[in-house]
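Build me a model:
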Amino acid sequence: MKRLLLTVMTVLLLDVGSAWAGPFEDGTAAYQRGDYKESVRLDRLAAAQGDARGQTRLGMAYEYGEGVEQDYAESVKWYRLAAAQGEATAQLNLSFMYYKGQGVTQNYAEAVKLIRLAADQGLAHAQADLGVMYQDGQGVTQDYAEAAKWFRLAAAQGDTTAQLNLGMMYVDGKSFTQNYAEAAKWFRLAAAQGNATAQYNLGRMYAIGQGVTQDYVRAHMWFNLAGASGNVSGVEGRGFISERMTPQQIAEAQKMAWECQQHNFKGCD
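Numbering: from 1, shown residues only. Below is the predicted model of the structure:
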């Protein structure tokens with residue numbers, strides 16, 4: 001769940017839809033230029049005016065110690081104020097605090113309650129996290145069908161974690177009939193967004209001909225891309241498959257990987 005928290009910060013920074021500048025918008029500009037203390041000062045003004053976005057970002061500042069001394073209890077306080085106004089980002093971030101037990105007693109049930117509030121508002125990160133909670137049975141009774149439901153909603157919005165998890169559910173045959181071709185479809189969508197684990201999984205499917213026609217060149221390409229993003233399994237997979245390829249095939253795969261990177265992983269497969 002930690003990955004999503006960083007993404008939610010980006011969502012909040014982009015949520016500056018007012019037609020005129022105010023404390024929150026000025027705080028956004030300060031944050032983006034790295035002036036965290038000024039951002040906090042302006043967010044306090046916005047928060048004092050009841051701006052849930054300012055309250056949320058103030059919570060983030062205390063959580064990460066940006067512009068202020070790190071203080072989880074203070075972070076929780078500001079998240080609560082924003083969450084009470086229905087701010088989905090605050091609801092999700094507060095759920096993380098309950099999930100991790102930071103500033104509050106760890107409580108998975110309370111985390112799920114807050115995640116659901118954000119998910120019901122259509123926040124893709126929350127929908128993906130709710131799927132994870134149902135998949136793992138944390139704070140709720142384990143329910144693969146319910147997990148798949150929330151993963152689908154998030155995946156439809158382009159959430160890579162949800163796309164990856166859907167692919168794994170099709171590989172494992174959880175909630176669905178095992179379907180490798182469908183798994184490859186979801187891995188491909190996540191891989192096209194740069195998800196290294198999905199790129200590795202897609203490479204593995206090409207290596208063994210699972211859900212796709214066996215293709216060592218494409219397997220090498222995806223392993224190479226995953227490895228370039230720091231995925232250790234991708235590096236190992238590339239080494240394994242290279243032993244089964246000709247020098248010409250390896251050169252072709254490397255060229256394909258370079259072109260794929262140049263196109264930001266789009267249209268590579």
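
Specify which residues of the stretch 1-150 of the chain, grouped into ranges, have pLDDT under the cut-off.
Counting by pLDDT under 70, the stretch 1-150 of the chain contains low-confidence residues at 1-21.

can you map out the helices along it?
2-14, 23-32, 36-48, 52-64, 72-84, 88-100, 108-119, 124-136, 144-155 (DSSP state H, counting those that start in this stretch).

Who are the contact partners of the residue nearest to residue 193 when sequence neighbours are not counted?
Residue nearest to residue 193 in three dimensions, not counting chain neighbours: residue 160, with 4.9 Å by Cβ to Cβ, 6 or more residues apart in numbering. Heads up, the C-betas are built off the backbone N, CA and C, glycines and all. Contact analysis of residue 160 by Cβ atoms under 8 Å, 6 or more residues apart in numbering lists 189-190, 193-195, 198.

Tell me which two in these are the farthest apart.
189 and 194 (11.4 Å; Cβ to Cβ).

who has more neighbours, these two?
Between residue 189 and residue 194, counting by other Cβ atoms under 10 Å, residue 189 is the more crowded of the two (20 against 15).

Sticking with that one, tell me its helix or strand.
helix 180-191 (DSSP states H and E).

next one: residue 237
helix 232-242.

Pull out the CA atoms of the helix or strand that that helix is followed by and give them to me as CSV.
Where DSSP H and E defines the elements, the next helix or strand beyond helix 232-242 is helix 247-262. Extracted in CSV, the C-alpha atoms of helix 247-262 (Å, rounded to 0.1, in the frame of the first residue of the first chain):
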residue,chain,number,x,y,z
PRO,A,247,23.3,-13.7,-31.0
GLN,A,248,21.1,-12.3,-33.7
GLN,A,249,18.0,-12.9,-31.6
ILE,A,250,19.5,-11.2,-28.6
ALA,A,251,20.5,-8.2,-30.8
GLU,A,252,16.9,-8.0,-32.1
ALA,A,253,15.5,-8.2,-28.6
GLN,A,254,17.8,-5.4,-27.4
LYS,A,255,16.8,-3.2,-30.3
MET,A,256,13.1,-3.8,-29.5
ALA,A,257,13.7,-3.0,-25.8
TRP,A,258,15.4,0.3,-26.7
GLU,A,259,12.6,1.2,-29.1
CYS,A,260,10.0,0.3,-26.5
GLN,A,261,11.7,2.7,-24.0
GLN,A,262,11.8,5.5,-26.6
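
Next, the angle helix 180-191 makes with helix 247-262.
Orientation note: helix 247-262 sits at an angle of 50 degrees relative to helix 180-191 (axes from the mean of the first three to the mean of the last three Cα atoms, to 10 degrees).

In terms of helix, strand or coil, where does the residue nearest to residue 233 when sequence neighbours are not counted fall?
In space, and not counting its chain neighbours, residue 233 is closest to residue 200: 5.0 Å by Cβ to Cβ, 6+ apart. Three-state assignment for residue 200 (DSSP: H, G, I helix; E, B strand; the rest coil): helix.

To what extent is residue 200 buried, counted in neighbours?
With other Cβ under 10 Å as criterion, residue 200 counts 26.

Please list all residues in contact with it.
Residue 200 neighbours (Cβ under 8 Å, 6+ apart): 222-223, 226, 231, 233-234, 237.

One more pass at 6 Å, please.
By Cβ atoms under 6 Å, 6 or more residues apart in numbering, the residues touching residue 200 are 226, 231, 233-234.

Report pLDDT for it.
Note on residue 200: pLDDT of 98.

Would you mind measuring from it to residue 161?
15 Å (Cβ to Cβ, to the nearest Å).

now do residue 85
27 Å.

More neighbours: which of those two?
The neighbour count for residue 85 versus residue 161, taken as other Cβ under 10 Å, is higher for residue 161 (25 against 14).

what's the angle from the host helix or strand of the more buried one to helix 180-191?
Assigned by DSSP H and E, residue 161 belongs to helix 160-172. Counting by the same axes, to 10 degrees, helix 160-172 lies at 160 degrees to helix 180-191.

Sweet, I'm off.
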